[in-house]
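> okay, sequence plus prediction incoming.
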Amino acid sequence: MKDEKYKDRYFSKKKYEAAKGSFVVGLIFLFVGILSLIFRALNIHFMGLLGWGFWLFIPAFFILLGAFQQLNTNKKYKKAVNRALMDRGNQGTFKLEDIALEVGIRPKDLLRVLADLRENGKIIFRFNSDTGEIELGQKIVYIQAEQFTPPGTVDEPIPSDGKNFCVYCGHQLESDAKFCPSCGSKLS
């Protein structure tokens, strides 16, 4: 059997994602549904909303339900990661993969959870620039490089050769770092 087939079997299938977009889309559907009811009450014929607009309440319900479910998933992940770090006394150096296995989420999702927890002031950490390990209790001062431009969607690793900043978050690097001390991204 191939090990590749079972590589994610200990991780949750749910992802840590922003729910803001789902809420916006759900509220737009809800708004158009309400607008159609107003048009129906006032007998206004605009783009046929009088006849079909109220049907948008159905997808609005399911979109908003999904958004609330995503908020709940994100809250559970934050709580589990925070608990795992508190069990470690919020001190020490640990591998990202070890914490991800303990919590049961993928390492890339763990990176997002850690960034959100740090942004909210719940934890303090930095990444070791040589090993990529998490150094709990170590504060990092983010200094954005002047020549940094945020990347669009990232499917493939972005080459960082010859750049003195992280190509993912823009943090100014001090030396030939293998990992960004701010966001933990592996630099090539």
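That came through fine.

> where do the domain boundaries of the chain fall?
Using automatic domain parsing, the domains assigned to the chain come out as 3-136, 141-188.

> what's the helix or strand bottoming out on mean pLDDT in the chain packed up against?
The helix or strand of the chain with the lowest confidence, counting by mean pLDDT, DSSP states H and E, is helix 49-52 at a mean of 80. In terms of contacts (3 or more Cβ pairs under 8 Å, 6 or more residues apart in numbering; DSSP states H and E), helix 49-52 is packed against helix 20-42. Glycine gets a C-beta too; all of them are placed from N, C-alpha and C.

> and the helix it packs on, what's buried?
Using 16 or more other Cβ atoms under 10 Å as the test for burial, helix 20-42 gives 22, 23, 25, 26, 29, 30, 32, 33, 35, 36, 39.

> burial measure for the residue lying closest to residue 170 once chain neighbours are set aside, as a count.
Excluding its sequence neighbours, the residue lying closest to residue 170 (Cβ to Cβ, 6 or more residues apart in numbering) is residue 148, at 3.3 Å. As a burial measure, residue 148 scores 16 neighbours (other Cβ atoms under 10 Å).

> contacts only, for residue 148.
Contacts for residue 148 (Cβ atoms under 8 Å, 6 or more residues apart in numbering) come out as 165, 166, 167, 170.

> how about residue 52?
Per Cβ under 8 Å, 6+ apart, neighbours of residue 52: residue 36.

> quick one, strands of this protein?
92-94, 125-127, 134-136 (DSSP state E).

> for those strands, give me TSV that also has distance to residue 176.
Below are the strands of the chain laid out as TSV (distance: least, Cβ to Cβ, whole Å):
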stretch	distance to residue 176
strand 92-94	20
strand 125-127	15
strand 134-136	19
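
> export these to CSV and tack on mean pLDDT?
Shown next, in CSV, are the strands of the chain (pLDDT from 0 to 100):
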stretch, mean pLDDT
strand 92-94, 92
strand 125-127, 91
strand 134-136, 92
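
> many thanks, have a good one.
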